[in-house]
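K.L.:
Attaching a predicted model along with its sequence, questions to come.
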Amino acid sequence: MIHLPSVNAALNFTTTILLVLGYILIRRRAIPAHKVCMIAASITSTLFLACYLFYHFYHGRTSFPGTGFARPIYFTILISHTILAVVQLPLIFMTLFRAFRGQFEKHRAIARVTLPIWLYVSVTGVVIYWLLYQVSW
């Protein structure tokens, strides 16, 4: 069977790249390319969420194997990641909704909040994977 945590990390990494590229493109006023990147980032985030829920439904909880100083660092990242992951979902919907409705001033205003949160969640998702599955504790 596919190792879904690796797939999830790859989806988070891909989302991160698409978000950064989308930001660069909008700064350059390449609106059609920006739109493609942001829709693709939305798709990879949606695929991540589906895979994440599927994995944890069938696999259950994963315990952090690290000890000592690594534990509070890991849990600080995990808690902030989890809280912001919940917060980002309605922000992403609102940001996309405003763009598709042509409400670009409102879109721009909320995107300034959404993008850093979405980036943080995507990056820390990869970090959490790395800490759980790649580091030898």
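P.N.:
The structure has been received and is ready for your questions. Numbers count the residues shown, from 1 in each chain.

K.L.:
Leaving out chain neighbours, which residue sits closest to A85?
P.N.:
V121 (4.9 Å; C-beta to C-beta, 6 or more residues apart in numbering). Just so you know, the C-beta spots here come from the backbone N, C-alpha and C atoms, and that holds for glycine as well.

K.L.:
now the helix or strand where the one you found lies, how far from the centre of its chain.
P.N.:
V121 belongs to helix 104-129 when assigned by DSSP states H and E. Between the centre of helix 104-129 and the centre of its chain there are 8 Å (C-alpha atoms, centre = their mean, to the nearest Å).

K.L.:
contacting residues for the residue nearest the centre of the chain?
P.N.:
Centrality entry for the chain: nearest residue to the mean C-alpha point is S122, 2.9 Å, by C-alpha atoms, centre = their mean. Residues in contact with S122 (C-beta atoms under 8 Å, 6 or more residues apart in numbering) are N12, F13, T15, T16, L19, S45.

K.L.:
now the strands for this structure?
P.N.:
Counting by DSSP state E, one finds no strands in the chain.

K.L.:
What residues of the helix holding V121 count as buried?
P.N.:
For helix 104-129, the neighbour count (16 or more other C-beta atoms under 10 Å) marks 107, 110-111, 114-115, 118-129 as buried.

K.L.:
just stretch 42-52 next, same as before
P.N.:
S42, T44, S45, L47, F48, C51, Y52.

K.L.:
Alpha carbons only: can I get it in CSV?
P.N.:
Provided in CSV are the C-alpha atoms of stretch 42-52 (Å, rounded to 0.1, in the frame of the first residue of the first chain):
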residue,chain,number,x,y,z
SER,A,42,-6.4,24.6,-3.8
ILE,A,43,-6.5,21.2,-5.5
THR,A,44,-3.3,19.9,-3.9
SER,A,45,-4.6,21.1,-0.5
THR,A,46,-7.9,19.4,-1.0
LEU,A,47,-6.2,16.1,-2.0
PHE,A,48,-4.0,16.4,1.1
LEU,A,49,-7.0,16.8,3.3
ALA,A,50,-8.7,13.8,1.7
CYS,A,51,-5.6,11.6,2.1
TYR,A,52,-4.9,12.8,5.6
